[in-house]
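Participant: sequence and predicted structure are below.
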Amino acid sequence: MANHSYAGEVQSDFLEKITRAKPIQALAEFIWNSLDADASRIDVTVEENALGGMAKVIVCDNGTGMEYEKAPEMFKSLGGSWKREGATTKGGRFLHGQDGRGRFKAFALGAVAEWDVIYRKNDALLTFKVRITSANMKEVVISDEENADVKKPLGVTMTISELHKDYHSLTSEAGLQELTEIFALYLSDYKGVSINVGGFWLDPSTLIASRGSVNLSDVVDDGKTYPVRLDIIEWRSTTNRALYLCNAKGFPLTKIERRFHIGAFQFSAYVKSEYISKLQKEGMLEFAEMNPLLVAVADGSHEAIKNYFRNRTAHEARTVVEEWKEERVYPYEGEAQNAVEQVERQVFDIVAVKVAQYLSDFSTTPPKNKALHLRLLRQAIEKSPEELQLILSEILKLPKRKQEELAELLRDVSLSAIISAAKIVADRLKFLTGLEAILFDTDTKKRLKERSQLHRIIAQNCWLFGEEYNLSVDDRSLTEVLRKHWELLGNSAVIDEPVKHVSKERGIVDLVLSRAIRRHRANELTHLVVELKAPKVKIDKNETTQLEEYAISVMKDERFRSLNTTWVFWAISDDYGDYAAYRMKNTNGKIYEAANVSIWVKTWAQVLDENRTRLQFFQERLEYEGDKGGSLKHLQEQYANFLKGMFVEESEENGLSRVD
């Protein structure tokens, strides 16, 4: 069987961009391709190697395949796909894809992708193969067409080999749940379609607890009105509670990551609109986070979901509330007069019923006391309903001994002070985990910029270098360092001559942190000068020389001289080179010391370890377990202005990320 090569017509950088996808998103795209080919059965299998690792991912369908004559054009270029938004398959199903991007998602999983095609032409059964490698995605190799074995079924078998890693997430419980969410509406509409992933049938009907729909505000664009509808599926199992933007037929195109404060409900929500179809057709859906109309739809969906489950919970609580009304202990009189009062009562009913469930003897409490408790609870809820629900649940779960300890502590320390102290520790632990991730993860460390990103977030967290230090100078000249030095010593003289750098016209230092110890004589000062280097930069001869030149400049200028001042210079990065290693041999990082000046090479691993050691006691007492994902999100939220561009899926900054 001869092979024929065809040169692709798409730029390599664009191909690399569209091949980026999370494993589940990539697999979903392959399944959509099979469904768009009228497949009624799709089997996804994972083939293992001799060592038990994953060797291949295989997606086999019984669809109509593709015609040999059209294959070169379909694989050579994007935008040339036979599929068009709003069109239907030969079997009458609605199409998901439109421009042929999905096949290139194979390279998100492995280095080699092969398609074994069997299709019918007139009365003949024919077969051919297509092969593309990640080493040269612009070259498409297509074999000759041959007669196929009549015993073999129609369809396409797609095989991805030379996998980048073991993709256990594809067949994990969480992965199967996410795939079920993605195809839930499709499988509900087309009952004759079956999808098997690693021996597990995607069957949303067995996992769905309930379904509901809400009409949202229409979108008006260029004078045309587009209705928007929200479908909500509540699941019996745990999910990530995602919101999907879908075309008019309910096919998920984009996933929105948002936090929902709605209790324990597990759900997926699907926004359906022709407007989303229009954006996909125009190739603008990937810029959804910059579209104010679509952001408004996402915000409206978020609010509608909260209202939907608030109504659900309130309905479940209605029986208990009716009993309170009969006892005349319910803290509201009459009916709600407006929408605001209605929501307030729903929130109260939800929280109050939860409290009653936690307190086993609440139902037997005398009506007078019960009425007082409910009245006080109403007042607290109206001030901060969401936070109160969390606080109450945590306090009510405390053993009696712990409740007594809390009560005793509150006699001496305010609750706000306790919360503030705990939050400081928790935030610092999150910061350390998040900082470690961006400093050492292969992808992020390449993109982390020294001055505009790393420098800026470290300047706001000088506690990393010790609680006793305060930031004196940030990214300023040695002359400014001198001015601050004099200020700390109480010297008000004017500095009219700049500090001279030994090898430059002007030396700029990253951070200067100062510690002042007040005694009966003049202040004792310690200045810690920190030079931050991007993680990809190893500290070696150039970096140590730079630090030594700063130290020499300080020592040469007599205005810096003070018997009570100590100067400590640090250079920090992920790693150091051979020259630096030789200079600090057997010194635990010190490369120079004389009189009141010392110079050190530090790694971020050392700095992070020292901080974790200091916080370990509090971490154990708080029973805090930080995770990488939550810590990175904390960094993104706290330092959004500085970390823009750090993460691969930039659109997640606004809660939007691509599914395909």
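Facilitator: Everything's here; your move.

Participant: the strands in the stretch 1-150 of the chain, which residues?
Facilitator: With DSSP state E, counting those that start in this stretch, the ranges of strands along the stretch 1-150 of the chain come out as 3-7, 41-48, 54-61, 110-121, 124-133, 136-143, 146-147.

Participant: for residue 433, which non-adjacent residue is closest in space?
Facilitator: Spatial nearest neighbour of residue 433, chain neighbours left out: residue 631 (3.7 Å); criterion: Cβ to Cβ, 6 or more residues apart in numbering. Every C-beta, even on glycine, is put in place using the N, C-alpha and C of the backbone.

Participant: ok, that neighbour to residue 342 distance?
Facilitator: Distance of residue 631 to residue 342, computed by Cβ to Cβ, to the nearest Å: 39 Å.

Participant: those two - which one has more neighbours?
Facilitator: residue 631 (20 against 14; other Cβ atoms under 10 Å).

Participant: my guess is that one contacts residue 434. True?
Facilitator: Yes: between residue 631 and residue 434 there is a contact under Cβ atoms under 8 Å: 3.8 Å.

Participant: quick one: average confidence on the strand ranked longest in the chain?
Facilitator: When the chain is parsed with DSSP state E, its longest strand is strand 208-221. Average pLDDT, strand 208-221: 90.

Participant: show residues contacting the helix or strand that comes right after that strand.
Facilitator: Downstream of strand 208-221, the first helix or strand assigned by DSSP states H and E is strand 224-235. Identification of contacts with strand 224-235 by Cβ atoms under 8 Å, 6 or more residues apart in numbering yields 177, 181, 184-185, 204, 207-220, 250, 265-275, 278, 297, 300-301, 304-305, 308.

Participant: what angle separates strand 224-235 from strand 208-221?
Facilitator: 160 degrees (axes from the mean of the first three to the mean of the last three Cα atoms, to 10 degrees).

Participant: pairing partners for strand 224-235, with directions?
Facilitator: With DSSP bridges as the test, strand 224-235 is paired with strand 208-221 (antiparallel), strand 267-273 (antiparallel).

Participant: got the angle between the following helix or strand past the shortest one and strand 224-235?
Facilitator: If I follow you right, that is strand 267-273. Downstream of strand 267-273, the first helix or strand assigned by DSSP H and E is helix 274-281. Between helix 274-281 and strand 224-235, the angle comes out at 100 degrees (the same axes, to 10 degrees).

Participant: now helix 274-281: mean pLDDT?
Facilitator: In this model, helix 274-281 has an average pLDDT of 86.

Participant: what sits against residue 184?
Facilitator: Contacts of residue 184 were listed using Cβ under 8 Å, 6+ apart, and they are 204, 208, 233, 268.

Participant: how about the strands paired with strand 224-235 in a markdown table, adding distance to residue 427 and mean neighbour count?
Facilitator: Shown next, in a markdown table, are those (distance: least, Cβ to Cβ, whole Å; neighbours: other Cβ atoms under 10 Å):
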| stretch | distance to residue 427 | mean neighbour count |
| --- | --- | --- |
| strand 208-221 | 36 | 14 |
| strand 267-273 | 30 | 24 |
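
Participant: who wins for proximity to residue 33 among the ones you listed?
Facilitator: Closest to residue 33 of these, according to Cβ to Cβ: strand 267-273, at 20.6 Å.

Participant: give me the distance between the closest one and the centre of its chain.
Facilitator: 20 Å (Cα atoms, centre = their mean, to the nearest Å).

Participant: next, the buried residues of stretch 462-472.
Facilitator: Buried positions in stretch 462-472, judged by neighbour count with 16 or more other Cβ atoms under 10 Å: 462, 464, 465, 469, 471, 472.

Participant: from residue 36, how far off is residue 210?
Facilitator: In this view, residue 210 and residue 36 are 30 Å apart by Cβ to Cβ.

Participant: ditto for residue 213
Facilitator: Counting by Cβ to Cβ, the gap between residue 213 and residue 36 amounts to 26 Å.

Participant: over to residue 72?
Facilitator: Here residue 72 is placed at a distance of 19 Å from residue 36 (Cβ to Cβ).

Participant: same thing with residue 544?
Facilitator: In this view, residue 544 and residue 36 are 60 Å apart by Cβ to Cβ.

Participant: again with residue 483
Facilitator: Applying Cβ to Cβ to residue 483 and residue 36 gives a distance of 69 Å.

Participant: show me which of those two is the more surrounded one.
Facilitator: residue 36 (23 against 18).

Participant: domain map for this structure?
Facilitator: Listed domain ranges for the chain are 3-197, 203-310, 438-611 (source: automatic domain parsing).

Participant: if you count neighbours, what's buried in the strand or helix carrying residue 542?
Facilitator: Using DSSP H and E, residue 542 sits within helix 541-556. Buried residues in helix 541-556, counting neighbours by 16+ other Cβ under 10 Å, are found at 543, 544, 546, 547, 548, 550, 551, 553, 554, 555.
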